[in-house]
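# For reference, the sequence and a predicted model appear below.
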Amino acid sequence: MDTTSPTIARWLYRLQRPWPLTLRPLATMAHELETTEATLISFIRDLRLAGMVRRIGGVFDARQLGYRSSLFAITAHENVLEQAAAEVATLPGVTHVYTRGWPDDYTRDGITSNDYQTYPNLWYTLSARADTFETEATKLSKWAPQAFPALTRFKIDVVFDTRTRQRDEKTEYRPTLEVVSTPIPSEEQQAIVRYYQDDTAMPEAPFREEDLAQLQDWFEKGIMRRYALLLRHRASGFIANAMCCWYIPEEDLLTAGRALATTTDVTHCYARPTAHNFPFNLYAMIHKTTWDEAYDTYIRLSTLLPITTPGRIFFSTREFKKTSLRCFV
C-alpha cells in the first residue's frame, strides 16, 4: 500500500485523529474526506491485511483511572540481555520493552556504541493500579531496575503523518499537567473502559449509544484522549525511533519542555528525575525513517534548548514488546 499517496495519506492521518463520538463515526469522517463510509471500511480492512493496524479503540489516560506508570531502565550485560528482556516482557503491566543506545553498524560525528557503555540499555514502561504498583515493580527487582517516573508530561499521544514523515502532534488536550494518580472509577465506569480499550471488529459502529455521554465527558476531561486507529509505526515505515535526552536547569525546564512539545517531530515529551548514571531530566521521543534523519532531528531539537551540557540520543535498537495497557482486567 502506497501510504504516501496524497489521498490515502489524508485518510490515514484522519483515522488516527479523535473519531467523532457518534453512532456512525466513519460516515461523519467520510463526509469530511469526500468519500463514502463503505470506502473507509474497505480501506481499514486493507490496512489490517497489510499489518499496519495495532488496534482501533480508546486511548485512556491511565493515571486518571487510578493507575500509576513509570519508565524503568536496566543495565543488562550481553550475556543476560535476552533473559532479562524476556522476564520483563512477561509482566502483564509492562507495555513497552526496548534496548536503547547506539546501533552497532552506525557511525556519526565519531560516535559509536562504545560511547554508550556506561548507560542503562534495557528500557521498559510499567503501569499498574496505584495500590498494587509497588508490588508489581518489585517482581523485577532481581535486575536492579532504576525508576524514571514522569514528573511533568509536556506531550503525549502519537499520530503519524505518512505524507511528510512527521507528526502533527497535538499537545495536551488541556494545559500541561503534573502527573498524579486519581481514585479508581466505579464498577460501571470500569466496564466501559474495558469495552473500549480493546480492538473493535466493527469500526463502522464502535460505540454503544448508552455510553456516548460518558465517553464525551471523558474526552472533554482528557481521561480518554481519543478514540481512533493506532498504527504499527514500524510497519508504516517509521523504523528509526529514538529517545532524546538533555539536562536542563530547573528554572528553564518548563519552558524547554513546552518548546519541544510544539514541534511536530516530538511525539512524547516528559521531565524525569536524573540518576548517577543517567544525568538527564528532559526526554523527547522521535520517530523517523533512517538513523541519519533521527540524528539530524536530535541536533536540531538541541538548538531549541538552553543546554549547558551535551545531551544524548538513545536509539531504539531492538523492540521486545509494544502493546497497549489494558486496565481493570
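Cool, got the structure. Residues are numbered from 1 along each chain as shown.
# quick one, what contacts residue 23?
For residue 23, the contacting residues are 205, 207, 209, 212, by Cβ atoms under 8 Å, 6 or more residues apart in numbering. Every residue, glycine included, has its C-beta placed from N, CA and C.
# just these now: which is nearest residue 295?
Distance to residue 295 across those (Cβ to Cβ) is lowest for residue 207, with 42.5 Å.
# Can you give me every residue that contacts that closest one?
21, 22, 23, 25, 215, 227.
# wait, what's in contact with residue 89?
Neighbours of residue 89 in contact, by Cβ under 8 Å, 6+ apart: 97, 124, 320, 321.
# mind running it again at 10 Å?
Shown in contact with residue 89 (Cβ atoms under 10 Å, 6 or more residues apart in numbering): 95, 96, 97, 124, 320, 321, 322, 323.
# Not counting sequence-adjacent ones, nearest residue to it?
residue 321 (4.2 Å; Cβ to Cβ, 6 or more residues apart in numbering).
# on that earlier part again, secondary structure for the contacts of residue 23 - can I get that in JSON lines?
Below are these laid out as JSON lines (DSSP: H, G, I helix; E, B strand; the rest coil):
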{"residue": "205", "secondary structure": "coil"}
{"residue": "207", "secondary structure": "coil"}
{"residue": "209", "secondary structure": "helix"}
{"residue": "212", "secondary structure": "helix"}
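# thinking again about what came up before, settle this for me: the residue nearest to residue 89 is touching residue 93, isn't it.
No. Residue 321 lies out of contact with residue 93 (Cβ atoms under 10 Å); the separation is 11.5 Å.
# higher neighbour count, the two?
Between residue 321 and residue 93, counted using other Cβ atoms under 10 Å, the more crowded position is residue 93 (20 against 17).
# Between which two of the contacts of residue 207 is the distance greatest?
The largest separation in the contacts of residue 207, counting by Cβ to Cβ, is between 23 and 227 at 13.0 Å.
# Just the element for residue 185, please.
According to DSSP states H and E, residue 185 maps onto no helix or strand at all.
# what about it, how many residues close to it?
19.
# Roughly how far does the closest residue to it other than its chain neighbours sit from residue 320?
Excluding the flanking residues, the one nearest residue 185 by Cβ to Cβ, 6+ apart is residue 65, at 6.0 Å. Distance, residue 65 to residue 320, by Cβ to Cβ, to the nearest Å: 26 Å.
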